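**Q** Sequence unavailable; structure follows:
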């Protein structure tokens, strides 16, 4: 029985402690892993220090990003080399039926919108978090969307025209599935701005 908290250690009269509920959970994890509570706590603290040394703001940020990566993997996303991906897209887009390719990306976006409707309590936030984390290295990517509508912006000089257009089609399809419609958009090489509103809302 823990008396309100677990004393981790004392250093120069400074005490580190955790809530009783967390202490009991830590003790259970240690037992399940065949570790002592001492070794488990030290392992956790060591990894926490590495997170801060990496420049991340918190363990929560790291865990959230890991959850997003797992969600992306579960949804069928894959990692690839950006330059090769852009080159393949550009060649296929310019050599093929652009209308059908755009429609395919839009349909895929609709599927992912429906996926998040089923998987997430707040599907717009789930989609936003996934996209923001997958668009690492992008100069700017933002989904400022609420229950009435909003705007999706993307800016990156490295994006070819084909990818910018296809990404726009994907996101339009996803938002369509989530109950929104596009009211205006401006898409060019490396720059995209899509304005959306809830379906049926006039104005």
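**A** Received the coordinates, thanks. All values derive from a computational prediction rather than experimental measurement. Numbering: from 1, shown residues only.

**Q** Can you give me the domain boundaries for this protein?
**A** As assigned by automatic domain parsing, the chain contains the domains 5-55, 80-198.

**Q** To residue 69, which of those domains lies closest?
**A** domain 80-198 (7.1 Å; CB to CB). Placement of C-beta: from N, CA and C, glycine included.

**Q** buried set for the longest helix anywhere in the chain?
**A** For the chain, the helix reaching the highest residue count under DSSP state H is reported as helix 98-119. Judged by neighbour count (16 or more other CB atoms under 10 Å), helix 98-119 contains these buried residues: 101-102, 105-106, 108-110, 112-116.

**Q** Next up, the contacts around the nearest residue to residue 101 once chain neighbours are set aside.
**A** Residue nearest to residue 101 in three dimensions, not counting chain neighbours: residue 93, with 5.9 Å by CB to CB, 6 or more residues apart in numbering. Contact analysis of residue 93 by CB atoms under 8 Å, 6 or more residues apart in numbering lists 101, 162, 165-166.

**Q** Most neighbours out of these, which is it?
**A** residue 166 (24 neighbours; other CB atoms under 10 Å).

**Q** Tell me how far that residue lies from residue 119.
**A** 24 Å (CB to CB, to the nearest Å).

**Q** ok so, going back, for the longest helix of the chain, enumerate the helices and strands it packs against.
**A** Under the contact definition 3 or more CB pairs under 8 Å, 6 or more residues apart in numbering; DSSP states H and E, helix 98-119 sits against helix 123-134, helix 161-177.

**Q** quick one, what contacts the spatially most central residue of the chain?
**A** With distances taken as CA atoms, centre = their mean, the residue of the chain nearest its centroid is residue 130 (2.4 Å). Counting by CB under 8 Å, 6+ apart, residue 130 makes contact with 68, 71-72, 75, 116.
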